[in-house]
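J.: here is a sequence together with a model predicted from it:
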Amino acid sequence: MMRVLAPLAALALLGPALGGCGLQPIYAGGANGYVARNLAQIEIAPIPGDEGWLMRNALSDRLGRGTSDGGTQYRLDVVLDDQLEGLGLLTDDTIGRERRTLRARYQLVDLSTDTILVDATAGSDAGIDVVGSEFATIAAEQTALENLTQDVADQIVVRLTRSLREQDQ
């Protein structure tokens, strides 16, 4: 019985201390909170290329575009750099491995003041096995791009969320 009560007593004593540390949820207020409302007011500028189409869709999904009734307050400008390089030269002078790298330079612009609120970069990379089937290799490269786009979009939204949360305080 004492084994169960001791951890519970420790948690009860630490509860007030954790509340005073300033830790607050980012999405306080849910869909009607400051951060969620402002994320929905971000317009994503067109991004050229296939990877741009994937990135724009991933960002739109995460930002909640279309759920805002307050119009557009911010613009997100994104420039992508997609690199595919061959690694792992085999004995028959063919490439056995590739690395796909996706980097994004992005800026969040306040449209009312034309001020840049966030100017940052995000990126990720993935390894791809080059196999005997050219179709399989191309499919793996495309899948890697799709996954990298999701990772980079997550990084961008986390950074934007933190920036908007800091403005609210």
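T.: Nice, I can see it.
J.: please name the residues that touch Thr149.
T.: 51, 54-55, 58, 102 (CB atoms under 8 Å, 6 or more residues apart in numbering). Every C-beta, even on glycine, is put in place using the N, C-alpha and C of the backbone.
J.: ok, Arg56 - how many residues close by?
T.: 19 (other CB atoms under 10 Å).
J.: mind listing residues that contact the host helix or strand of it?
T.: Assigned by DSSP states H and E, Arg56 falls within helix 50-63. The contact list for helix 50-63 (CB under 8 Å, 6+ apart) reads 39-40, 42, 44, 46-47, 66, 76, 78, 80, 82, 102, 104, 145-146, 149-150, 152-154, 156-157, 160.
J.: next, the buried residues of it.
T.: Within helix 50-63, the residues that count as buried by 16 or more other CB atoms under 10 Å are 51-52, 54-56, 58-59, 62-63.
J.: and those as CSV, adding pLDDT?
T.: Listed next are the buried residues of helix 50-63 as CSV, based on pLDDT from 0 to 100:
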residue, pLDDT
Glu51, 94
Gly52, 95
Leu54, 96
Met55, 96
Arg56, 95
Ala58, 95
Leu59, 95
Arg62, 90
Leu63, 89
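J.: quick one on the thing from earlier: Throw together a ChimeraX command that grabs the buried residues out of the contacts of helix 50-63.
T.: For the buried members of the contacts of helix 50-63, the matching ChimeraX selection, counting by 16+ other CB under 10 Å, is:
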select :39,40,42,44,47,76,78,80,82,102,104,145,149,150,152,153,156,157,160
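J.: the contacts of helix 50-63 in helices, which ones?
T.: Mapping these onto helices (DSSP state H) picks out 39, 145-146, 149-150, 152-154, 156-157, 160.
J.: which pair in the residues you listed spans the largest distance?
T.: Based on CB to CB, the longest span within the ones in helices among the contacts of helix 50-63 runs between Leu39 and Leu145 and measures 24.6 Å.
J.: related to what we said a few turns ago, so for the ones in helices among the contacts of helix 50-63, which is the shakiest by pLDDT?
T.: Least confident of those in the model: Leu39, at 85.
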